[in-house]
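Undergrad: sequence? don't have it. structure:
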């Protein structure tokens, strides 16, 4: 029995759908789905329909793409919190664990550890020191960078994505604070928890949309043994303060090799595979 992870499946791309359909079954293992599975409810259902029968249990956290309200949906499209809550409902139909469910203890080898799916968003604080969100966005635009989120990820009923992020961070920290001190945690979030893990060699000014500095110390504050994230499309294993950080993206079709397929990019989280703790393993720049 293993705890595995894969994120950024982007099943709106035909090649990504095909590689998930061809993924071998692993009926004793649990799979973390680390966000950006797609952009519509239908994409989410396709993923759960395809992967649910292949694994013993699925755990889901949202990425920014799931939270988009495309213009094609018009006035009928769910926005912000309402959209997120609808996706949670869909996951629960399939028995997938979400950030709104009780944290559960990992029943397999590698525990005791509490599995903590998180939804935290970003607040532009990964940008340059001292800048407001508006200044940070302007700074990114100087290099022609503007995340699509600015048009289609709505924060309703919050006044801004930063305000939504602040509310999520506060509520999540309160939940994590009551995890028994005898247990380690597995923190699972789409966006990286630390700014120094964001490597965007080709588009460095995309960094404002990659997380919040409010979570920089969460790996030690909440006794993490592993932190799982995606979003960057740059698969990597890093260590900070003796804690393992795993970036587990598949990415767009140009970001993965056909001969390897999705099976080659699934990362084992537990039981832990022995790795040196004084090195960082970073892949090439796979970012969009």
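TA: Everything's here; your move. What you see is a predicted model, and the numbers here were worked out from it, not measured in a lab. Numbering: from 1, shown residues only.
Undergrad: can you count the residues close to residue 64?
TA: Other residues within reach of residue 64, judged by other CB atoms under 10 Å, total 22. (Each C-beta comes from the backbone N, C-alpha and C, glycine too.)
Undergrad: tell me the contacts of it?
TA: Residue 64 is in contact with 35-36, 147, 149, 153, 190, 209, 231, counting by CB atoms under 8 Å, 6 or more residues apart in numbering.
Undergrad: which one of these has the most neighbours?
TA: When neighbours are counted by other CB under 10 Å, residue 190 leads those with 30 neighbours.
Undergrad: for that one, which non-adjacent residue is spatially closest?
TA: Spatial nearest neighbour of residue 190, excluding adjacent residues (CB to CB, 6 or more residues apart in numbering): residue 35 at 3.2 Å.
Undergrad: I'd assumed residue 8 was in contact with the one you found.
TA: Yes. Counting by CB atoms under 8 Å, residue 8 is a contact partner of residue 35 at 7.1 Å.
Undergrad: residues touching the residue nearest to residue 190, list them.
TA: 7-8, 60-66, 190, 230-231.
Undergrad: among those residues, which are in strands?
TA: Assigned to strands by DSSP state E, the following of those qualify: residue 60.
Undergrad: what's the closest of the contacts of residue 35 to residue 114?
TA: residue 61 (15.0 Å; CB to CB).
Undergrad: list the contacts of the spatially most central residue of the chain.
TA: Taking CA atoms, centre = their mean, the centroid of the chain lies closest to residue 190, which sits 1.5 Å from it. Contact analysis of residue 190 by CB under 8 Å, 6+ apart lists 7, 34-36, 61-64, 119, 229-231.
Undergrad: nearest to residue 199, of these?
TA: Minimum distance to residue 199 across the contacts of residue 190 is 11.8 Å, recorded for residue 231 (CB to CB).
Undergrad: quick one: that closest one and residue 62 touch, right?
TA: No. Between residue 231 and residue 62 there is no contact under CB under 8 Å: 11.1 Å.
Undergrad: which of the contacts of residue 64 fall within strands?
TA: Among the contacts of residue 64, no member falls in strands (DSSP E).
Undergrad: for those, work out which two are farthest apart.
TA: The span of the contacts of residue 64, defined through CB to CB, is set by 35 and 147 at 14.8 Å.
Undergrad: quick one: residues contacting the closest residue to residue 97 other than its chain neighbours.
TA: Excluding its sequence neighbours, the residue lying closest to residue 97 (CB to CB, 6+ apart) is residue 59, at 4.4 Å. Residues in contact with residue 59 (CB under 8 Å, 6+ apart) are 30-33, 96-98, 115, 117, 188.
Undergrad: same check on residue 77?
TA: Residue 77 neighbours (CB under 8 Å, 6+ apart): 69-70, 83.
Undergrad: out of those, which one has the weakest pLDDT?
TA: Of all these, residue 70 has the smallest pLDDT value, namely 86.
Undergrad: quick check: that one touching residue 41?
TA: No. Using CB under 8 Å, residue 70 makes no contact with residue 41, being 11.5 Å away.
Undergrad: okay, these two: which has more neighbours?
TA: More crowded of residue 70 and residue 41, by other CB under 10 Å: residue 41, with 15 against 11.
Undergrad: which stretches in the stretch 151-288 of the chain count as helices?
TA: Ranges of helices in the stretch 151-288 of the chain, per DSSP state H, counting those that start in this stretch, are 161-176, 218-221.
Undergrad: how about these in JSON lines, adding mean neighbour count and mean pLDDT?
TA: Shown next, in JSON lines, are these (neighbours: other CB atoms under 10 Å; pLDDT from 0 to 100):
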{"stretch": "helix 161-176", "mean neighbour count": "17", "mean pLDDT": "98"}
{"stretch": "helix 218-221", "mean neighbour count": "18", "mean pLDDT": "98"}
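Undergrad: with that, I have no additional questions.
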